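>>> after the sequence you'll find the predicted model.
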Amino acid sequence: MTEHGAFQTEIYGQFNPPRYPTDPTQWEALARRLVPNGNFMYVYGSATTGQTYRNNLKAFKSRRIVPRMLVDATTKSTAVEILGKKYSSPLICAPVGVQSIMHTEGEEATAKACANLGIPYILSTASTRSIEQAAEASGDGERWYQLYWPRTDEITISLLDRAWKSGYTTLVVTLDTFQLGYRPADLDNCYLPFIFGEGCQVGFSDPVFQRLYAEGYYNDPNVPKRGLLDLLGRASNPFQACKLLYNALTIKKSLAWVTEMSNAKYRTWEDLPFLKKYWPGKILLKGIQSVEDAKMAASMTGVLDGIIVSNHGGRQVDGAIASLDALENIMASDMVRNSHLTILFDSGIRTGSDILKAMALGAKGVLIGRPMMWGLAMGGEAGVEHVFKCLRADLEINMALAGIKNLPDISRDILALDPVSKL
Ligand SMILES: Cc1cc2nc3c(=O)[nH]c(=O)nc-3n(C[C@H](O)[C@H](O)[C@H](O)COP(=O)(O)O)c2cc1C
Ligand SMILES: O=C(O)C(=O)c1ccccc1
C-alpha cells in the first residue's frame, strides 16, 4: 500500500522535466502527431456523429466538486478494494483491441506498465498478442481476460481454459460490441485492421480454432470458390501476385475469426451460467447502461460478481446516454446498491477529478481507455506508465484538496450540478 501522498511525490519529486506532458489534455494531440492518421482515427473515433462520445465528456463537466475545508486529510489514501483485493488506486486498464496500431510493442507494453504499477491489466480478445504472450509480459501482475464470446462453444471453452491456466483471475464479458458501431472515420479511411489479421492473435493461436479452420468448418458452401489462377491472374507482377495470395489467405482466416468474435448477438441472460461452468474465477459484465439490465445482473447471484457501466467510449450506439448518467441512474436502484455486485465504470474518464466524480456516484473502480492508448503511442511501456502515474497523482491531490480522506468514504454529497450546463 502506498504511503500518504506517494503518488504526488512520484510526479513532483523529479529533478528533470518529465519526458511526456503532465497535462492530460495534451496526450491526445501528441498521439495524433505520432501515429499514422488511420491508426489514430481508429482509436479516437466513435459512433456516427460522435454525440455519445461528447456526452460522456460533458456528463463529467456538468458535475462539479464542492470542496470541504478543515478536514484533516493527512491520512489521505487512494486505496480501494475491488472484488476482495486491495489496490493502491481505483485505476484499471480498459480492454482495448489492436494495440499494435499505437506502438509496435502493443499489449506487451501495456501489460508491463500495469504490472509495474500494481494496476489490473485487462487483455482484449481482439489483441495483437496471444493470451500466453500477454500473460508472460504481465508476469506477477494482476490480469483479467475480456471475452468477445465466440459462436462455437468449443472455442469459448478453449479460450477460458487458456486464460485461466495463464493466470487471468477475472473474466470480463463484453456485451455491447457483437458488431462494430457505425464509425465514419474508419469507413472513409477504409480502415479495418482485423481483415489483415491484426487483432486476431488470440484466435490464430487457439488450437481449437486452428483445427476447425483446417477442417474447413468455416467454408461457406454458398460462396463459390475462386480459383488460384483466377486470383493470381489479376496481378501485374510477381510481387503483387504474392501479396494478393497472402492477403487472400489472411483475409479468409481473419473473417473466420471475426465471425467467431461477433456472436454475442445470439446470447441471452440464460446463457451466462455456461460461462460460469467453465470459468472458476470472478465474472463481470461490461457494457451495462440500463437500470433494468443492472437489476437482471443483480439477480444472478452465484453467476455474476459485478458489472462495468460503460458505453464503450461512445463507439457503439450513437445518441446513447452518457455513461456517467447511466451510472447515476443505476446506483439510484436500491436493488443494485444493496446487491452483491461490484460496480465498475468507464467511458469518458480523462482526469483525476473525473475519477472522483465517478466514485462519488458509486463506482468502486474505473477503467481508462483512450488516455492509456495515447500513452502507448507517446512512449510504449514508459508512456502508459506516465499516463497512469499522472492520473493517480491528479486523483490523490484533488481528493485531498476537496477534503476526502479515503475513497471508500466518498459520497455524492461532494457533487453539485453545474448550473450553466442545465441552461
Ligand atoms: C481502440 C479501442 C479499442 C477497444 N477495444 C475493446 C475491446 O477489444 N474490448 C472491449 O471490451 N472494449 C474495447 N474498447 C472499449 C474500452 O474498453 C472502454 O470501454 C472505452 O475505451 C472507455 O472509454 P474512454 O476511451 O473514454 O476511456 C475499445 C476502445 C477503444 C478506444
Ligand atoms: O474497436 C472497438 O471498440 C472494439 O471493441 C474492437 C472490436 C473488435 C476488434 C477490435 C476492437
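Nice, thanks for sending it over. Ligands and ions are numbered 1, 2, ... in the order given.

>>> what about the helices in the stretch 201-350 of the chain?
Along the stretch 201-350 of the chain, counting by DSSP state H, counting those that start in this stretch, helices occupy 201-204, 207-214, 228-232, 238-261, 272-278, 291-299, 323-331, 334-337.

>>> other SSEs contacting the first one?
So that's helix 201-204. helix 238-261 (3 or more Cβ pairs under 8 Å, 6 or more residues apart in numbering; DSSP states H and E). For the C-beta atoms, the positions are set from N, CA and C on the backbone; glycine is no exception.

>>> report the buried residues of the helix it packs on.
Using 16 or more other Cβ atoms under 10 Å as the test for burial, helix 238-261 gives Thr250, Lys253, Ser254, Ala256, Trp257, Val258, Glu260, Met261.

>>> in CSV: those, plus pLDDT.
What follows is the buried residues of helix 238-261, written out as CSV (pLDDT from 0 to 100):
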residue, pLDDT
Thr250, 83
Lys253, 94
Ser254, 93
Ala256, 94
Trp257, 95
Val258, 92
Glu260, 92
Met261, 90
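
>>> show residues contacting the longest strand seen in the chain.
Taking DSSP state E as the criterion, the chain has its longest strand at strand 282-288. Applying Cβ atoms under 8 Å, 6 or more residues apart in numbering, the contact partners of strand 282-288 are 83, 95, 144, 146, 169-177, 272, 275-276, 294, 297, 303-312, 316, 326, 330, 342, 344.

>>> hmm, the strand or helix carrying Tyr145 touching ligand 1?
For Tyr145, the host element (DSSP states H and E) is strand 143-147. Yes: under the criterion of Cβ under 6 Å from any ligand atom, ligand 1 is reached by strand 143-147 at Gln146.

>>> contacting residues around the very next helix or strand once past that strand?
Scanning forward in sequence from strand 143-147 by DSSP H and E, the next helix or strand is helix 153-165. Taking contacts as Cβ under 8 Å, 6+ apart, the residues outside helix 153-165 that touch it are 123, 125, 131-132, 145, 147, 149-150, 171, 202-203, 206-209, 212, 260, 274-275, 278-281.

>>> can you do 6 Å?
Helix 153-165 has contacts (Cβ atoms under 6 Å, 6 or more residues apart in numbering) with Ile131, Tyr145, Pro150, Asp206, Val208, Phe209, Tyr278, Trp279.

>>> quickly name whichever of these is closest to Lys112.
The nearest member of those to Lys112, counting by Cβ to Cβ, is Ile131 at 15.9 Å.

>>> number of residues surrounding that closest one?
Ile131 has 25 neighbours, counted by other Cβ atoms under 10 Å.

>>> so it sits right up against Leu147, yeah?
No: using Cβ atoms under 6 Å as the test, Ile131 is too far from Leu147 to be in contact (10.9 Å).

>>> roughly how far does the closest residue to Val172 other than its chain neighbours sit from Ala126?
Nearest non-adjacent residue to Val172, counting by Cβ to Cβ, 6 or more residues apart in numbering: Gln146, 4.3 Å away. In this view, Gln146 and Ala126 are 9 Å apart by Cβ to Cβ, to the nearest Å.

>>> check the contacts of helix 153-165 and tell me the two furthest apart.
Phe209 and Trp279 (18.6 Å).

>>> neighbour-wise, which of these two wins?
Using other Cβ under 10 Å, the more surrounded residue of Phe209 and Trp279 is Phe209, with 25 against 22.

>>> confidence score at the residue of the chain found nearest ligand 1?
As assessed by Cβ to the nearest ligand atom, ligand 1 sits closest to Gly369 within the chain, at 2.2 Å. Gly369 carries a pLDDT value of 99.

>>> tally of neighbours for Thr152?
When neighbours are counted by other Cβ under 10 Å, Thr152 comes out with 16.

>>> just use 47 as the starting number from now, easier for me
Yes, from this point I'll number from 47; that puts the last item at Thr198.

>>> what's the closest non-adjacent residue to Tyr228?
Thr94 (5.1 Å).

>>> pretty sure the one you found is in a helix, no?
No: assigned with DSSP: H, G, I helix; E, B strand; the rest coil, Thr94 falls outside any helix and is coil.

>>> before we move on, back to that, angle of the strand holding Tyr191 against strand 328-334?
50 degrees (axes from the mean of the first three to the mean of the last three Cα atoms, to 10 degrees).

>>> can you name every helix or strand that strand 189-193 contacts?
strand 167-169, strand 216-220 (3 or more Cβ pairs under 6 Å, 6 or more residues apart in numbering; DSSP states H and E).

>>> could you dump those strands into JSON lines with distance to ligand 1 and mean pLDDT added?
As requested, the helices and strands packed on strand 189-193 are arranged in JSON lines below (distance: least, Cβ to the nearest ligand atom, whole Å; pLDDT from 0 to 100):
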{"stretch": "strand 167-169", "distance to ligand 1": "8", "mean pLDDT": "99"}
{"stretch": "strand 216-220", "distance to ligand 1": "4", "mean pLDDT": "98"}
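
>>> among those, which is the most enclosed?
Highest mean neighbour count of the helices and strands packed on strand 189-193: strand 167-169, a mean of 28 (counted as mean count of other Cβ atoms under 10 Å).

>>> for the next helix or strand along the chain from that strand, list every residue counted as buried.
Once strand 167-169 ends, the next helix or strand along the chain (criterion: DSSP H and E) is helix 177-184. The neighbour-count check on helix 177-184 (16+ other Cβ under 10 Å) flags Ile177, Gln179, Ala180, Ala181, Ala183, Ser184 as buried.

>>> distance between helix 177-184 and the chain's centre?
With Cα atoms, centre = their mean, to the nearest Å as the basis, helix 177-184 stands 17 Å off its chain's centre.

>>> identify the residues contacting that helix?
Glu153, Glu154, Ala157, Lys158, Ala161, Tyr167, Leu169, Arg208, Ala209, Ser212, Gly213, Val248.
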